[in-house]
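Q: here are the coordinates; sequence isn't available:
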């Protein structure tokens with residue numbers, strides 16, 4: 001990692017490179033540095049949350065997605081990933097609320113995906129879920 005970088009976008013790109021190489025901890029460190037340099041860097045919040053989510057560290061992942069949507073409320077990806085994390089933690093009501101928001105923002109993207117996502121299997125019998133994914 002290049003400690004000399006002062007541009008948050010460069011840290012963000014470095015994080016993506018580490019992420020693509022499977023170096024999760026280095027990716028998290030780079031995204032964290034990008035956020036330290038620019039607190040409202042919502043893309044970095046989402047990316048760091050995604051890495052944490054893939055490491056199954058769901059609570060911190062959700063906290064990152066919450067920060068991202070605090071800066072950009074219409075960030076449907078962050079809402080969907082939040083729903084995924086809540087579903088994995090069996091927090092069904094929170095999962096449904098976040099999924100509802102993601103689908104409201106971008107139905108073309110998330111309805112079909114939610115219907116296929118195994119993380120939502122325990123929700124698929126819930127009438128609220130069925131209503132969300134009905135096309």
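A: Ah, there it is. As the structure is a prediction and not an experimental result, all values here were calculated from the model. Numbers count the residues shown, from 1 in each chain.

Q: switch to C-alpha atoms for all contacts and neighbour counts from now on
A: Fine.

Q: got the domain ranges for the chain?
A: Residue ranges for each domain of the chain read 1-72, 73-135, as given by automatic domain parsing.

Q: how about CSV for these, with mean neighbour count added?
A: Putting these into CSV (neighbours: other C-alpha atoms under 10 Å) gives the following:
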stretch, mean neighbour count
domain 1-72, 19
domain 73-135, 18
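
Q: in TSV, list the ones you listed along with mean pLDDT.
A: Shown next, in TSV, are the domains of the chain (pLDDT from 0 to 100):
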stretch	mean pLDDT
domain 1-72	95
domain 73-135	96
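
Q: all helices of this structure, in order?
A: Secondary structure of the chain (DSSP state H): helices located at 8-20, 24-37, 42-54, 58-71, 76-88, 92-105, 107-116, 127-133.

Q: ok, residues contacting the fourth one?
A: Contacts made with helix 58-71 from outside it, assessed by C-alpha atoms under 8 Å, 6 or more residues apart in numbering, are listed as 40-43, 45-46, 48-53, 75, 78-79, 81-82, 85-86, 88-89.

Q: what do you get if the cut-off is 6 Å, keeping everything else the same?
A: For helix 58-71, contacts defined as C-alpha atoms under 6 Å, 6 or more residues apart in numbering pick out 42, 45-46, 49, 52-53, 78, 82, 85.

Q: out of those, who's nearest residue 32?
A: Nearest to residue 32 among the contacts of helix 58-71 is residue 45, at 8.1 Å by C-alpha to C-alpha.

Q: residues touching that closest one, list them.
A: With C-alpha under 6 Å, 6+ apart, residue 45 has these contacts: 64, 68.

Q: residue 90 now?
A: By C-alpha under 6 Å, 6+ apart, no residues touch residue 90.
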